[in-house]
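>>> the following comprises the amino acid sequence and a computationally predicted model.
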Amino acid sequence: MKTIFNFIMVLIVLSLVIAGGGFLYKQNTQSKYKKAVGLYEAGKYEESLKLFDSLMKLSIINPHKTDTLYYHAILTSKSQPDVSLNDWQALLKNNVSDDIRAEGLFNIGKIYFEKGNIEDSKEKFNEVIENYTKCAVPVAKSMFYFGKISQAKGLEEFPAARQWYEKAINTGIDDPIVDEILDNLSEVNTSLLFSPIETPESQMYRIRPGDSLANIAAKFNTTIELIKESNRMEANYIRPNDLIKVPTAKFSIMISKKLNTLTLYANGHFFKRYRVGTGKYNKTPEGTFKIINKLKEPVWYKPDGGIIPFGEKGNLLGTRWMGISFPGYGIHGTWEPDTIGYQSSAGCVRLLNDQVEELYKIVPIGTEVVITG
C-alpha cells in the first residue's frame with residue numbers, strides 16, 4: 001500500500017510540474033505574440049517577422065496559431081512570396097472570417113499574378129468579387145488587378161481596363177491602393193483620349209464640305225490639338241467624307257492647394273490627376289474661375305515690369321501658359337521639377353512641362369477651374 005501511495009504522489013507531483021510548466025510556456029508564448037504584434041503595428045517589420053518565425057514553430061502550444069499565420073503571411077508577401085503563398089493557403093483551411101478569407105484569396109491571386117500565372121490569378125480575383133461582395137477592400141483590389149491584366153494586353157483592351165478601375169474606385173474604399181488605381185486610370189484615360197478609339201467622351205464625325213479643324217473644334221468645344229492627336233494627324237488638312245474622332249467631353253479642373261494636385265474631370269467624372277506646385281504662403285487664389293487665354297512658349301512679364309522671352313534664363317513659365325480669370329494668375333509649366341508637389345510658386349499653379357503640354361491640348365478656353373484651400 002505504501003508503495004502504491006508513493007507512486008500516486010509522484011504522479012501528482014509530476015502532473016503539477018508539467019501543468020505549471022505548460023502554463024508558464026503558454027504565458028511566454030502569449031507574451032511573445034503580443035510583442036510581435038506590437039512591433040508590426042509600430043512598423044518594425046523585420047523584428048516582428050523574427051518573432052512570428054519562432055511562433056510558427058510552436059503550432060501545438062501557440063494559442064494564437066491562426067493569427068500568427070495571418071501576420072506571417074503578410075510579412076513574407078514581398079520578400080518570400082512562396083512562403084506567403086503557403087501561409088495563405090494554410091490559413092484558408094481554418095475557420096476564419098469572410099474578411100480574412102477574402103483577403104487571403106486576393107493575396108493568393110496577387111502572388112499568382114506576380115508569378116505570371118494569370119489564369120490562376122483571375123480565378124482567385126473572381127472568387128473574391130463574386131462571393132465576398134461585402135468585403136470592400138479585397139473586392140476593390142481584385143478589380144484593380146483585373147484592370148492591370150487588361151491594361152497589360154495593350155491599347156485595344158484599355159476600355160476594359162478603364163471599366164475595372166472605375167468599378168474599383170466606385171467601391172468607395174479608403175486604402176492606400178486608391179492612389180495606384182487613380183494613377184492607372186489616369187494613364188488609361190489619356191491614352192484612350194489621344195487614340196483613334198471611340199470612348200464615351202467622343203464621337204465619330206464625318207467631315208462635310210467647308211469644314212475646318214477650327215470650326216469642328218468650336219462646334220464641339222474642344223481643341224484643334226486634341227482632334228489632331230486623337231486622329232494621329234500631322235497637318236490641319238482634312239477631306240470631305242473622311243470619318244474622324246472628335247472629343248466631346250466637357251472638361252473641368254479642380255486644384256487642391258492642400259494636396260498640391262490638379263484633377264481633371266470629364267463630364268463630372270474623374271479623368272486624370274496631376275501633381276502640381278502652388279503658391280508660397282497661400283498666395284494661390286481660391287474660388288471658381290475660367291481659363292481665359294492660352295499661350296505656347298510664353299513670354300514672362302515680371303511683376304516689376306521686366307520682360308523675359310521664352311527660352312531665356314529666368315523665364316519661369318515653362319513651355320505653356322493658361323491664364324485664368326483672376327488677373328495675373330494661371331496654370332503654367334516649369335523648368336524646376338523639384339518644386340512640383342510643394343507650395344513653391346509666386347502664386348500660379350505649375351506643372352512639369354510635358355504634363356502642362358498635355359493638359360494644354362485637352363482643355364479649351366472657357367474651361368472651369370476650381371481652386372480649393
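That came in fine, so what should we check first?

>>> so what touches stretch 358-373?
190, 193, 217, 221-223, 225-226, 229, 247, 251-258, 262, 264, 274, 282, 284-294, 296, 320, 322, 324, 331, 349, 351 (Cβ atoms under 8 Å, 6 or more residues apart in numbering). (C-beta placed from N, C-alpha, C; glycine too.)

>>> I meant to write stretch 29-40 there.
45, 47-48, 51-52, 54-55, 58, 61-64, 67-68, 71, 75.

>>> neighbour-wise, which of the residues you listed leads?
In terms of neighbours by other Cβ atoms under 10 Å, the contacts of stretch 29-40 top out with F52 at 28 neighbours.

>>> secondary structure element for that residue?
Assigned by DSSP states H and E, F52 falls within helix 45-56.

>>> ranges for the helices of the stretch 51-200 of the chain?
Along the stretch 51-200 of the chain, counting by DSSP state H, counting those that start in this stretch, helices occupy 65-75, 81-91, 98-115, 118-131, 136-151, 158-170, 177-193.

>>> let's have those helices in TSV, adding mean pLDDT and distance to I307.
Converted to TSV, the helices of the stretch 51-200 of the chain look like this (pLDDT from 0 to 100; distance: least, Cβ to Cβ, whole Å):
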stretch	mean pLDDT	distance to I307
helix 65-75	90	59
helix 81-91	94	59
helix 98-115	97	55
helix 118-131	98	58
helix 136-151	98	46
helix 158-170	97	44
helix 177-193	97	34
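
>>> who wins for proximity to M233 among those helices?
Evaluated over those, closeness to M233 peaks at helix 177-193, with 14.7 Å, by Cβ to Cβ.

>>> so which elements touch the closest one?
Here helix 177-193 is seen to pack against helix 136-151, helix 158-170, strand 269-275 when contacts are counted using 3 or more Cβ pairs under 8 Å, 6 or more residues apart in numbering; DSSP states H and E.

>>> will you turn those into JSON lines that also has distance to R239 and mean neighbour count?
Listed next are these as JSON lines, based on distance: least, Cβ to Cβ, whole Å; neighbours: other Cβ atoms under 10 Å:
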{"stretch": "helix 136-151", "distance to R239": "34", "mean neighbour count": "22"}
{"stretch": "helix 158-170", "distance to R239": "28", "mean neighbour count": "20"}
{"stretch": "strand 269-275", "distance to R239": "31", "mean neighbour count": "18"}
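
>>> turn the ones you listed into CSV, including distance to V96.
Formatted as CSV, those follow (distance: least, Cβ to Cβ, whole Å):
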stretch, distance to V96
helix 136-151, 13
helix 158-170, 24
strand 269-275, 35
